[in-house]
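*Asks:* Give the three-dimensional model of this entry:
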Amino acid sequence: MVLLSRYGTLVGFVLMLIVFSTLADAFLTASNVANVLKAAAAMGVLSIGLTIVLTLGDFDLSIGYTATGAGMLAAGTAQSFGMVGGTAAALLFGAGVGLVNGLIVTRLGVSAFIATLGVGQIITGWLLAYNGGVQVSGDLPPDFTLLGRGTIGPIPLMVIVWFAVAVAAYLLMERTVVGRRMYAVGGNPVAARLSGIDGKRVRLLAFVLSGLLAGLGGLMLTSSLGVGNPTAAVSYLLPAFAASFIGAATLREGQFHVGGTIVGVLMLSFLANGLVVTGVERAWTTAAQGIVLVAAVTISTFARKVAAR
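*Replies:* Take a look at the predicted model:
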């Protein structure tokens with residue numbers, strides 16, 4: 001039973017790859033794999049930030065709105081201050097939103113669910129006002145699309161950034177005192193407090209990191225599109241949660257962790273691509289994400305119960 005809870009997701013992922021590669025010869029070609037990884041990169045970065053917050057037992061429902069706002073602001077700022085200015089604006093916007101979320105949750109005592117949902121709606125209102133609610137295009141510097149469309153050899157730059165973020169987040173969570181404190185607060189807040197850990201500060205840091213990575217993800221997506229779109233990343237919330245919960249049911253019994261989330265992102269991305277290349281209607285791609293999310297949460301909850309016995 002423990003083996004199933006830890007490795008069942010990986011086995012399912014491998015079986016899925018085998019089935020789709022059998023049905024479509026183009027599925028596992030180098031070009032298609034590169035395209036899948038590039039398309040998954042921005043959502044992958046958002047999912048890592050969300051995973052950090054989920055590790056502490058909190059939620060961040062604002063990541064899609066934060067990424068969209070960061071992308072719009074990056075494009076608008078880049079028109080006047082270049083790519084460096086646009087990058088700084090996106091990252092500062094994301095970190096700022098995360099700081100606001102964290103302060104509302106830790107200092108005002110508002111539930112993370114309500115706080116981040118409310119902040120997300122505030123960003124939505126701002127997006128309707130910024131640039132008249134239309135996309136930002138024209139007068140963008142030539143290097144604005146470098147991050148989103150550039151490559152190093154055959155590997156898209158976005159994929160390299162995603163995996164660099166994943167490695168950094170993994171090292172933070174698994175190899176540092178800060179990461180161990182996050183796991184401690186998420187596992188048992190009372191015991192963590194009694195051991196001298198400042199839970200509010202740790203949770204605040206988690207929200208800032210989530211916002212920062214949402215800002216980076218929004219910058220990556222906007223650079224790939226070549227325009228600032230006021231709805232670009234809003235739909236990324238559900239896939240990010242699905243990836244995180246799939247990850248919680250991978251290799252560990254119901255615990256959120258960066259490595260598992262990467263597996264979750266890859267699984268969802270190859271699933272969506274496999275459905276497309278095999279000719280399945282697009283509507284089923286969206287439905288499949290919802291089905292996978294329900295299944296992942298069910299498996300994760302079951303795994304937690306097994307681990308608690």
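*Asks:* switch to C-alpha atoms for all contacts and neighbour counts from now on
*Replies:* Will do.
*Asks:* Any figure for the gap between the residue located most distally from the centre of the chain and A184?
*Replies:* Distance from the C-alpha centroid of the chain peaks at L194, with 31.9 Å (C-alpha atoms, centre = their mean). L194 sits 11 Å away from A184, taking C-alpha to C-alpha, to the nearest Å as the criterion.
*Asks:* now do V45
*Replies:* Counting by C-alpha to C-alpha - V45 and A184 are separated by 24 Å.
*Asks:* of the two, who's got more company?
*Replies:* V45 (31 against 20; other C-alpha atoms under 10 Å).
*Asks:* Is that one in contact with L213, as I believe?
*Replies:* Yes - counting by C-alpha atoms under 8 Å, V45 touches L213, with 6.1 Å between them.
*Asks:* next structured bit after the lengthiest helix in the chain?
*Replies:* Ordering each helix of the chain by length in residues (DSSP state H) puts helix 63-106 first. Sequence-wise, the next helix or strand downstream of helix 63-106 (DSSP states H and E) is helix 112-129.
*Asks:* Counting neighbours, what do you get for F245?
*Replies:* 30.
*Asks:* Quick check: which element contains it?
*Replies:* helix 237-248.
*Asks:* Now do the helices in this structure.
*Replies:* 2-23, 30-55, 63-106, 112-129, 146-149, 157-175, 177-187, 189-194, 199-225, 237-248, 258-277, 282-308.
*Asks:* ok and the longest one relative to helix 30-55, angle-wise?
*Replies:* Okay, so that is helix 63-106. 20 degrees (axes from the mean of the first three to the mean of the last three C-alpha atoms, to 10 degrees).
*Asks:* tell me the angle helix 63-106 makes with helix 237-248.
*Replies:* Going by the same axes, to 10 degrees, helix 63-106 makes 70 degrees with helix 237-248.
*Asks:* Run the chain-centre distance for helix 63-106.
*Replies:* Put simply, helix 63-106 sits 15 Å off its chain's centre (C-alpha atoms, centre = their mean, to the nearest Å).
*Asks:* for the nearest residue to I52 once chain neighbours are set aside, what are its contacts?
*Replies:* Spatially, and ignoring its direct neighbours in sequence, I52 is nearest to A206 (6.0 Å; C-alpha to C-alpha, 6 or more residues apart in numbering). Residues counted as contacts of A206 (C-alpha atoms under 8 Å, 6 or more residues apart in numbering) are G49, I52, V53, G102.
*Asks:* Can you add neighbour count and distance to T286 and give those residues back as TSV?
*Replies:* Converted to TSV, the contacts of A206 look like this (neighbours: other C-alpha atoms under 10 Å; distance: C-alpha to C-alpha, whole Å):
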residue	neighbour count	distance to T286
G49	28	22
I52	30	25
V53	26	25
G102	29	31
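*Asks:* tell me which residues in stretch 26-33 are buried?
*Replies:* A26, F27, L28 (16 or more other C-alpha atoms under 10 Å).
*Asks:* wait, doesn't the last one sit right on S21?
*Replies:* Pointing back at L28 there. Yes - using C-alpha under 8 Å, L28 is in contact with S21, at 6.1 Å.
*Asks:* Distance of L140 relative to P156?
*Replies:* Distance from L140 to P156, by C-alpha to C-alpha: 21 Å.
*Asks:* Can you give me the neighbour number for A168?
*Replies:* 12.
*Asks:* Compare the helices of the chain and give me the one nearest Q135.
*Replies:* helix 63-106 (7.5 Å; C-alpha to C-alpha).
*Asks:* out of the helices of the chain, nearest to T231?
*Replies:* The nearest among the helices of the chain, by C-alpha to C-alpha, is helix 63-106 at 6.3 Å.
*Asks:* what packs against that closest one?
*Replies:* helix 112-129, helix 199-225 (3 or more C-alpha pairs under 8 Å, 6 or more residues apart in numbering; DSSP states H and E).
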